[in-house]
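In: Next comes the sequence, and after it the predicted model I'd like to discuss.
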Amino acid sequence: MIIRGKVATTIKVVLLALISAVLLTLTQSAFAKKEYVIAAFLAASIFALNFTYFSKRTVPLKFFLPGILLLAAFVITPILYTVVMSTYNYKTGNYIGKEEAVERIKALALEPDENNSAFDIVVGQFQESDALLVSDIVNDLYFISTPERRIELNKNQVELDENLVAQGVTGFMRADAGEISASKAATKRYFYNSEYFITVENLNVGAVFRQSLEYLPQQDIFRSLISDAIYRDNGNGNYVNPDDKSDFLEPGWRDPAWFTNYVRLVNDERVRDPLILVFIWTVVFATLTVLTQFAFGLLLALALNKPIRGRRIYRSILILPYAMPSVMSILIWGGMFNTEFGAVNEILGSNIAWFQDPTFARVAVILVNLWLGFPYFYLVSSGSLQAIPSELLEAAAIDGANPRQVFSKVTLPLLLQILSPLLIASFAFNFNNFNLIYLLTGGGPREQLDGEIAGSTDILISYTYQIAFGSNLQDLGLASAISVLIFFLVASISLYGVRKSKVLESFS
Amino acid sequence: MKKKFFRGFAVLATLALAAGLAVTPAQANTKIVVWADESRGPNLTKTLATKGDWVPGYTVTIKSFANFDALKDAIDKATATTGPDIVVGANDWVPTLAKNGKLAPLTLTASQRARFSASQFYDLSYKKKLYGIPVDVNNVAMIYNTKLVTSAPTSFGAMVDYYKANKTSKNLKAGLCVAGGGMSWGAHSVFSALGADAYYFNPNGTINKAKSFNPNEFGGNVKKFLMDGKKSNGFFPATDTGCKDNFLAGSVPFAIIGNWEWNDYKAKGFTMNLMPVPGTSGKSGNAFGSVSGALLTTFAASNGVEAAAKSLLVDFFGSTAGQVAYQLNEKRPPAEKGASTDATVTDGQKGFGASAAAASIPQVGAILNGPSGTSYWDSAPAYWTAVLVDGKDPVKEAKKLVAIWRANLKAATNDL
């Protein structure tokens, strides 16, 4: 049924109105949360959608626009974000923006008096100013403190509770929670003496502090009000005392480090040495995986390409590993390779420590991945075999080619031409096969006592994860740099493969 | 005309819907938001449903997360507009979150500080500033199966002797295993019992920055008590897998269990005969006697409720009444002194508390959270694997271990 005319226009308008309303709401929400880039993107999306679908000049764009918007939001933006983050010293201790860091340093720059004085307080108003009614019970003193001055009270002037805490005095108006929140009375500083002030520590307690650091925005430095030390922006996300480099202020901030993280990949041996080993293993792993999966899948496809009894049943069974969620399969295989109670050692009658020995762990990884991936190649090889014209095979046979020659000179070249894009895609997928490594070996075994960060089965992506999230001390900038490297490696290898196999030529 | 109508309709509908969906009222904030994990969150909600006026004029909203990792992930990614005012989390989050500007310090009066032990504040402090209130004691203790062992073991050697003598006749799968806390956190008491504490303290309670364990002594003890030549003697497995099930099934006489799961053991009929792991020479092995903390975030200030959040921390999370009310639901040992001796505290909670009092050290995240691969959390289980699974020399590996722990202690000096 084709809907046309007023009904179609009404449906279009209603749908666009709904989509625009939702996007506009999200735009406003993003704007309110100061996520200006997201807000701008959403606003541009609203404009693009309405322009495209209300204009008659943009017919091709009507088909492409949703895809383009989603591609921009969920593929291009994360790539760009990762590239940008790789140029920052984004790590534990340098997590927030500079403006926020300066505010945090200012907030933390409070030093208590030598007695760590803290008093019972009541927050309220006195003579139209925010004020605290303070009870210094230890010294039997009572006073009202406003941001500007301190008014001493006589004990018999104030209304005391059973703990001798002042609850009221003439002219002092106690504030309720709403009033305290609205007036921000709890965030102010109240006069204690010429050097110290009282802050509202909680709604019943005030503590005595003095400011220990002063921020001079024009010079962008912090000055210690106690020792006179100066803390300067070191260009690497911290204010540091130039006279003592170990003396720096926290928190730091994300500061542009430009290519420092990339330079570390080459110059820092703690990063470079494991990275080289991990890279080599990643290439070996992805290559062996594609070769073994393709070879085994093709072998089965060739075997079942002939009319044999029970072929349908065999085909169904062969697809089963593919139908099972890979997470479950990996965990089950993990149990089967267990040294003490695993089925593999039981069957082999061996006592191999599969996940403790680097070589055996790598073999286990390849074997499990073969199990997970061969049904896919069996399926695509079966389909491709049937797509090869039988006349070609017959012609080769008539010309005197034996079956081996027919396979190597006719079937395989044709298959490779058809399957090359899939082989390249599989290589790229396995280059980043995080799930398998993380769930099966966790990247191990690794000799941690010898200081190894990378494990024997770590591939680039699991190594990156280890750097970014493997401990409480994260280095997201360095991890981003490795991610960008992986992106270019996979893109280059894939592009080379595509060009070499000339698979795109048939589309031109 | 028609086109104009439809376009006008679209614009109006869009604006009307957007206006209806997006309401941003400007009013004083009297809501304190607390984030907690899947256990503490619902129990805090239950507790506050019974009595919610801990901070007069303010309401408390609890947001529960699916698990501890999800909570950590959320607080790591929280911003001023999304973050909570208080997060109930692990003590070892404090150094990282404080470094990243996510936590705000608080000051307690002398009487408020007196409600807790000094070591509990150690756990929640970073660079001498306190970032939270100790909520519950988080520790492990050793339990023994009275159907197999009639009295409490007096030394590590006595446990090993029992295992060797009864391994075959009682079909024991191990002598001592770690059921709670894993092979790093949970197994510290075994490291300590054999002579290797992660760090040591001066008599005045400060960390001794010069002292590390003796690898020859510790490695020698591992060789003597846990090895049979170059192989493990089976007394102490290098993994925690299956420990709880095996202990409950009666095939392991001694197990280190976590205080969050003592109810499981009680339900199976085990008495709470909890104790520290006995050492090789009379001194018990120290477990991490850490605390979970209710931590004040910097977002409380941006939300305009910092003072109120501090009041909730002190008057609810840090008071006897608050901890008693909460632990009636959560059933962990309360950290606050008054609450820990309250009549409502069960024998399980008390047992863990007593074990922590007998032999424990605070969990100092600044030392333990080293760089990836070399932190205490990574190196401790690696030692057990290297020695008990791979059969490497215990002394040689202990020398590598002490080098890592020394380096982490040195690196943390500025943060202590």
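Out: Cool, the structure landed. Being a predicted model, the structure only gives us computed values, none of them experimental.
In: how about low-confidence regions in chain B?
Out: Within chain B, the ranges that satisfy pLDDT under 70 run B:1-28, B:372.
In: center of it, which residue is that?
Out: residue B:138 (4.6 Å; Cα atoms, centre = their mean).
In: Go ahead and confirm it touches residue B:332.
Out: Yes. Contact criterion Cβ atoms under 8 Å: residue B:138 and residue B:332 qualify, at 7.5 Å. Where C-beta positions appear, they are placed from N, C-alpha and C, glycine not excepted.
In: shared neighbours, those two?
Out: Residues within reach of residue B:138 and of residue B:332 at once, by Cβ atoms under 8 Å, 6 or more residues apart in numbering or on different chains, are B:259, B:260, B:292.
In: nearest to residue A:271, of those residues?
Out: Residue A:271 has its nearest neighbour among the shared contacts of residue B:138 and residue B:332 in residue B:292, at 34.8 Å by Cβ to Cβ.
In: That closest one should be in a helix, yeah?
Out: No. Read with DSSP: H, G, I helix; E, B strand; the rest coil, residue B:292 is strand and lies in no helix.
In: Centre of chain A to the edge, which residue is at the far end?
Out: residue A:156 (62.1 Å).
In: Where does pLDDT dip in chain A?
Out: Short version for chain A, where the test is pLDDT under 70: A:1, A:502-508.
In: For burial, what's the neighbour tally of residue B:329?
Out: Using other Cβ atoms under 10 Å in any protein chain shown, residue B:329 is surrounded by 15 other residues.
In: On the three-state scheme, the nearest residue to it once chain neighbours are set aside is what?
Out: Residue nearest to residue B:329 in three dimensions, not counting chain neighbours: residue B:43, with 4.0 Å by Cβ to Cβ, 6 or more residues apart in numbering or on different chains. Three-state assignment for residue B:43 (three-state DSSP): helix.
In: likewise the one 4 residues further on?
Out: Here residue B:47 is helix, with the state taken from three-state DSSP.
In: Chain A versus that one, what's the distance?
Out: Separation of residue B:47 from chain A (Cβ to the nearest Cβ, to the nearest Å) stands at 20 Å.
In: follow-up on the earlier one: specify which member of the shared contacts of residue B:138 and residue B:332 is nearest to residue A:457.
Out: residue B:260 (32.7 Å).
In: Now name the helix or strand holding the residue lying closest to the closest one once chain neighbours are set aside.
Out: In this structure, residue B:260 finds its nearest non-sequential neighbour in residue B:332, 6.1 Å apart by Cβ to Cβ, 6+ apart. Residue B:332 is part of no helix or strand when elements are defined by DSSP states H and E.
In: on that earlier part again, how close does the residue nearest to residue B:329 get to residue B:73?
Out: As for residue B:43, its distance to residue B:73 is 21 Å (criterion: Cβ to Cβ, to the nearest Å).
In: Just give me the neighbour total for residue A:144.
Out: Using other Cβ under 10 Å, residue A:144 has 25 other residues around it.
In: One more: residue A:367?
Out: Neighbours of residue A:367 (other Cβ under 10 Å): 15.
In: Same question for residue A:385.
Out: 17.
In: what kind of secondary structure is it in?
Out: State at residue A:385, reduced to three classes by three-state DSSP: helix.
In: Hmm, it is touching residue A:301, no?
Out: Yes. Proximity of residue A:385 to residue A:301 meets the contact threshold set by Cβ under 8 Å, at 5.8 Å.
In: one step back: quick check, nearest of the shared contacts of residue B:138 and residue B:332 to chain A?
Out: residue B:292 (16.1 Å; Cβ to the nearest Cβ).
In: wait, isn't that closest one in contact with residue B:136?
Out: Yes. Between residue B:292 and residue B:136 there is a contact under Cβ under 8 Å: 5.2 Å.
In: So for the two, which residues contact both of them?
Out: In contact with both residue B:292 and residue B:136: B:332, B:335, using Cβ under 8 Å, 6+ apart.
In: Looking at these two, which one has more neighbours?
Out: When residue B:292 and residue B:136 are compared for neighbours, residue B:136 comes out ahead with 29 against 26, by other Cβ under 10 Å.
In: would that one count as being in a strand?
Out: Yes. The assignment for residue B:136 by three-state DSSP puts it in a strand.
In: so what's it closest to, chain neighbours aside?
Out: residue B:332 (3.9 Å).
In: How many residues are close by that neighbour?
Out: 26.
In: Check residue A:214 too.
Out: So residue A:214, with other Cβ under 10 Å, has 12 neighbours.
In: near chain B, which residues of the stretch 201-350 of chain A?
Out: Residues of the stretch 201-350 of chain A lying near chain B by Cβ under 8 Å from any Cβ of the partner chain: A:201, A:202, A:203, A:204, A:205, A:207, A:246, A:250, A:251, A:252, A:339.
In: one step back: and residue B:43 and residue B:73? Which one has more around it.
Out: Higher neighbour count among residue B:43 and residue B:73: residue B:43, with 20 against 13, using other Cβ under 10 Å.
In: Was I right to think that one contacts residue B:330?
Out: Yes. Counting by Cβ under 8 Å, residue B:43 does reach residue B:330; the two are 4.4 Å apart.
In: Quickly note the distance from residue A:405 to chain B.
Out: Counting by Cβ to the nearest Cβ - residue A:405 and chain B are separated by 51 Å.
In: same question, residue A:312
Out: Distance from residue A:312 to chain B, by Cβ to the nearest Cβ: 41 Å.
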